[in-house]
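>>> pasting a predicted model and its sequence here:
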Amino acid sequence: MRILLADDDELVLESIKTALELRGFHVTEASDGEEALEKYSQGKQWDLVILDLVMPERDGESVLNEIKRSNPTAKVMVISGAGKTRSYRFLKTFPDVEFLPKPFTTPRLLSAVDRFRY
């Protein structure tokens with residue numbers, strides 16, 4: 001499974017990447033929204049995109065809108081420590097997008113990712 005992971009917090013990025021790679025996933029990382037869009041549009045077939053909602057350059061909301069505009073069936077999970085109210089309100093427009101609030105445990109992350117495998 002090929003996963004594009006975007007988060008501006010280096011510690012979070014490395015923690016998630018390590019957990020996913022230990023599970024056998026292939027992970028490409030991006031440290032901000034602009035980099036995430038650049039990597040997304042490079043022609044690779046992503047099985048899942050994991051986006052932090054709050055990032056510099058372009059936030060997760062903007063990145064998600066762009067990804068869904070170019071590929072309405074893209075599988076996306078949004079992770080965020082931002083307020084749940086803001087996140088839930090925005091994500092109502094994307095019922096197929098999973099939301100995983102930070103902080104989360106590795107088992108919770110892996111369980112959420114596993115739901116995208118089938």
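Perfect, thanks for sending it.
>>> so which elements touch the lengthiest helix in the chain?
Identified as the longest helix of the chain according to DSSP state H is helix 10-22. If you count contacts as 3 or more C-beta pairs under 8 Å, 6 or more residues apart in numbering; DSSP states H and E, helix 10-22 packs onto strand 2-6, strand 26-30, helix 106-114. To be clear about C-beta, it is placed using only N, CA and C from the backbone, and glycine gets the same treatment.
>>> tell me the mean pLDDT over the helix or strand containing I50?
Using DSSP states H and E, I50 sits in strand 48-52. In this model, strand 48-52 has an average pLDDT of 96.
>>> what distance separates it from the centre of its chain?
Put simply, strand 48-52 sits 1 Å off its chain's centre (C-alpha atoms, centre = their mean, to the nearest Å).
>>> model confidence over the very next helix or strand once past that strand, on average?
Counting by DSSP H and E, the element after strand 48-52 in chain order, helix or strand, is helix 60-70. The average pLDDT for helix 60-70 rounds to 93.
>>> next, the buried residues of helix 60-70.
Within helix 60-70, the residues that count as buried by 16 or more other C-beta atoms under 10 Å are G60, E61, S62, V63, L64, E66, I67, K68.
>>> relative to T18, how far out is the fourth one?
Going back to what we said before, that points to V63. Going from V63 to T18 by C-beta to C-beta, to the nearest Å gives 23 Å.
>>> lowest-confidence helix or strand of this protein?
helix 84-91 (a mean of 64; mean pLDDT, DSSP states H and E).
>>> tell me the helices and strands packed up against the helix or strand just after it.
Per DSSP H and E, the first helix or strand lying C-terminal to helix 84-91 is strand 98-101. If contacts are counted by 3+ C-beta pairs under 8 Å, 6+ apart, strand 98-101 sits against strand 76-80, helix 84-91, helix 106-114.
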